[in-house]
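# Here's a sequence, model it:
(one chain, ligands or ions: 1)
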Amino acid sequence: MHEYDIVIVGAGPGGSTAAKEAAEKGLKTVFFERGRKPGEKNSSGSGLGPRLWREFDFMRDLTPEVCPSMRAGAAARNYFVDSDGEVSGYIMTKPTDSVTYEPARSWITMNCYRSEFDPWLAGLAVDAGAELRTSTLVTGLLKEDGKIVGVIDERGEKYKGFVIGADGVVSMVARQSGLRHRWEQRQVTIVPQYDFECSPSKIDDIMGDEALAVWWSATFPAAYQAFFNDGFHIGLGNWMTWWDKNPVHYLNKVVNLKYFQRLVRVLDAKPREFQAHLLPWQGSPHDTHTDNVILIGDAGGFPCPLEAEGMYPAMVTARAAVETAAEALAEGDTSKESLSIYDEKWMATSVGEDFKAGPELEHIWRALPFSPRKTMSWFVPMFTEITGGIMDWSEAHPVRVRQVARRIKQYLPQAVPFIMKEVLPLLNAILGEEKMDLLTNPERLLTELPELEEAITNAFMDDDEEEGTE
Ligand SMILES: Cc1cc2nc3c(=O)[nH]c(=O)nc-3n(C[C@H](O)[C@H](O)[C@H](O)COP(=O)(O)OP(=O)(O)OC[C@H]3O[C@@H](n4cnc5c(N)ncnc54)[C@H](O)[C@@H]3O)c2cc1C
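Below is the predicted model of the structure:
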């Protein structure tokens, strides 16, 4: 029997962060990885958001020397694909002036391969004093008098200590502790993706500072593209309840788009790898802990409810779990009741802030980009009509504006119920009922914002009147 304060199953971003934080607190810590090295069994690459740098000082040490696949980008492109499989428009976005975190004004994502990032992070945990056991599959939870007191590996070795389940989406710890039998189909997505190889100089020349693309489509669920130093991913996913065909059928629809094929040609990109992974995606995590056990990251269902960013939540919940475990161990009480402070801790973080509007964020994603036939089939032409219709000189501009307005009117029978059912509840969850009332009650809006009334009056004043007031 090996004795530790903390035993962590999994050396992904969650497990390694937990191991580092626990070791830094002076807790005797071991963490296990079934792969030969951390990062071997995960989706091959990921985008890391600025919140990670904001929250974790050690992220500043992530450099191209330790992670050669790193590529930062400030721009994201959104392609709109219509029902005929044509790219009918795109917009490129960059951080705007409302961004308050200064570094996030110059980049939106740092993309890197997990085969480099995960070992780097695990190395920091080892440097802090945690013990890493690779090529070790943890197969069970160790019990004494019916209580969970540690874990058992595939060789029958026993490790006693407080258990942190950081073992990803198909979490053995969640199942064997009774916290979850299995995910319901509407709580978990499957994400197939291709990894393409291409030269760093081609990516720089052709993509510039673009690091991400989202392909919004009427024929497949939204697909994402992430550019790394020497390649890119194209992938898509949806909840298990959605698929009527093999997910690869839909992924191939993206890859076979004429536009995408052109991109592949100009980038001289070559397919390198195919992968398919599961990812939990839900509006509100629950059943996160029981006696002597806490679940973090994917094991606890923490990816962002809007777009399933999962590494930041894994690392943030890791920190909250270690703080909780350290306090509980110091008190000598690791019962489920005493660990309930874990939920308070992660709810108080930026991850918790996202989950306050979790169900609404998840609903809108489900109803819009993940509903290609039902919603995107009218959304894409409506959006491209609005953004592209006016940029046309085939008629006098006022004529074109009237034509565009008439066409948009045709989409209102679909757009209005969508706004009522999906957009207003989301705004309500984010802004609160008080502010919503302000938005949906024009009279109150004008009373509370006299400047607005003045602006509206000025806007509708004719030119003579305006001159007369000067
Ligand atoms: C295709 C795809 C693309 C994604 N892109 C992004 C992205 O761009 N940005 C982002 O933030 N998130 C992204 N995510 C989500 C992100 O990958 C996860 O949310 C994140 O990895 C969760 O971290 P974790 O530490 O909780 O679990 P994991 O990263 O899954 O780590 C769990 C680790 O535990 C090990 N393990 C599991 N069971 C055992 C066991 N019994 N014994 C020993 N070891 C075990 C596994 O081998 C693994 O290394 C993506 C996910 C997918 C599927």
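
# The chain against the ligand: which residues are in contact?
9-15, 32-35, 38, 41-43, 46-47, 137-138, 166-168, 172, 191, 193, 235, 277, 279, 297-299, 303, 309-312, 314 (Cβ under 6 Å from any ligand atom). Where C-beta positions appear, they are placed from N, C-alpha and C, glycine not excepted.

# I'd like the next helix or strand past whichever strand or helix holds residue 249.
In the assignment (DSSP states H and E), residue 249 maps to helix 247-255. Using DSSP H and E, the helix or strand that follows helix 247-255 in sequence is helix 258-267.

# so what does whichever helix or strand comes after that next one touch, helix or strand wise?
Later in the chain than helix 258-267, the nearest helix or strand by DSSP H and E is strand 270-280. Identification of packing neighbours for strand 270-280 by 3 or more Cβ pairs under 8 Å, 6 or more residues apart in numbering; DSSP states H and E yields strand 188-197.

# ok, and what's touching the helix or strand that the strand it packs on is followed by?
Following strand 188-197 in sequence order, the next helix or strand is helix 200-207 (DSSP H and E). Here helix 200-207 makes contact (Cβ atoms under 8 Å, 6 or more residues apart in numbering) with 71, 73, 227, 229, 230, 232, 266, 267, 268.

# Turn those residues into JSON lines, columns for neighbour count and pLDDT.
Formatted as JSON lines, the contacts of helix 200-207 follow (neighbours: other Cβ atoms under 10 Å; pLDDT from 0 to 100):
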{"residue": "71", "neighbour count": "26", "pLDDT": "95"}
{"residue": "73", "neighbour count": "21", "pLDDT": "92"}
{"residue": "227", "neighbour count": "27", "pLDDT": "97"}
{"residue": "229", "neighbour count": "18", "pLDDT": "95"}
{"residue": "230", "neighbour count": "18", "pLDDT": "95"}
{"residue": "232", "neighbour count": "26", "pLDDT": "96"}
{"residue": "266", "neighbour count": "12", "pLDDT": "97"}
{"residue": "267", "neighbour count": "20", "pLDDT": "97"}
{"residue": "268", "neighbour count": "12", "pLDDT": "97"}
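
# which two from those residues end up farthest apart in space?
73 and 268 (19.8 Å; Cβ to Cβ).

# now the residues of the chain next to the ligand: which count as buried?
By neighbour count, with 16 or more other Cβ atoms under 10 Å, the residues of the chain next to the ligand hold 9-15, 32-35, 38, 41-43, 46-47, 138, 166-168, 172, 191, 193, 235, 277, 279, 297-299, 303, 309-312, 314 as buried.

# so of those, which ones are in strands?
When DSSP state E is applied, these are split such that 9, 32, 46, 47, 138, 191, 193, 235, 277, 279 fall in strands.

# where along the stretch 101-250 of the chain do the strands fall?
109-113, 131-133, 138-144, 147-153, 158-165, 188-197, 210-217, 223-228, 231-236, 238-239 (DSSP state E, counting those that start in this stretch).

# just so I know, which of the ones you listed lies nearest residue 103?
strand 109-113 (10.3 Å).

# Packing partners of that closest one?
Counting contacts by 3+ Cβ pairs under 8 Å, 6+ apart, strand 109-113 packs against strand 45-48, strand 71-73, strand 210-217, strand 223-228.

# tell me what the second one is packed against?
In terms of contacts (3+ Cβ pairs under 8 Å, 6+ apart), strand 71-73 is packed against strand 109-113, strand 210-217, strand 223-228.

# helix or strand right after that strand?
Downstream of strand 71-73 (by DSSP H and E), the next one is strand 75-81.

# quick one: strands adjacent to that next one?
strand 87-93 (antiparallel), strand 210-217 (parallel) (DSSP bridges).

# Kindly format the C-alpha coordinates of it as PDB.
C-alpha atoms of strand 75-81 as PDB (Å, rounded to 0.1, in the frame of the first residue of the first chain):
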ATOM      1  CA  ALA A  75      -8.100  37.100 -36.000                       C
ATOM      2  CA  ALA A  76     -10.900  34.700 -36.400                       C
ATOM      3  CA  ARG A  77     -12.800  34.100 -39.600                       C
ATOM      4  CA  ASN A  78     -16.500  33.100 -39.800                       C
ATOM      5  CA  TYR A  79     -17.500  31.400 -43.000                       C
ATOM      6  CA  PHE A  80     -21.200  31.100 -43.900                       C
ATOM      7  CA  VAL A  81     -22.100  28.000 -46.000                       C
END
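
# pLDDT score for the closest residue to the ligand within the stretch 301-450 of the chain?
Distance from the ligand to each residue of the stretch 301-450 of the chain (Cβ to the nearest ligand atom) is smallest for residue 310, at 1.7 Å. Listed pLDDT for residue 310 reads 96.

# give the contact list for it.
Counting by Cβ under 8 Å, 6+ apart, residue 310 has contacts 279, 297, 298, 302, 303, 304.

# Please render those as TSV that adds pLDDT and distance to residue 431 to the earlier fields.
Shown next, in TSV, are the contacts of residue 310 (pLDDT from 0 to 100; distance: Cβ to Cβ, whole Å):
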residue	pLDDT	distance to residue 431
279	95	29
297	98	30
298	97	30
302	97	24
303	97	24
304	96	19
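
# roughly how far apart are the residue lying closest to residue 303 once chain neighbours are set aside and residue 119?
Leaving out its chain neighbours, the residue that sits closest to residue 303 by Cβ to Cβ, 6 or more residues apart in numbering is residue 310, at 3.8 Å. As for residue 310, its distance to residue 119 is 18 Å (criterion: Cβ to Cβ, to the nearest Å).

# what do you get for residue 221?
Shown here: residue 221 relative to residue 119, a distance of 32 Å by Cβ to Cβ.

# Can you pick out the residue with more neighbours from those two?
Just comparing residue 221 and residue 119: by other Cβ atoms under 10 Å the higher neighbour count belongs to residue 221, 25 against 22.

# dump the residue contacts of that one.
Each residue near residue 221 by Cβ under 8 Å, 6+ apart is listed here: 236, 237, 238, 242, 250, 369, 370, 371, 372.

# Please name the nearest non-neighbouring residue to it.
Using Cβ to Cβ, 6+ apart, the nearest residue to residue 221 is residue 238, at 4.4 Å.
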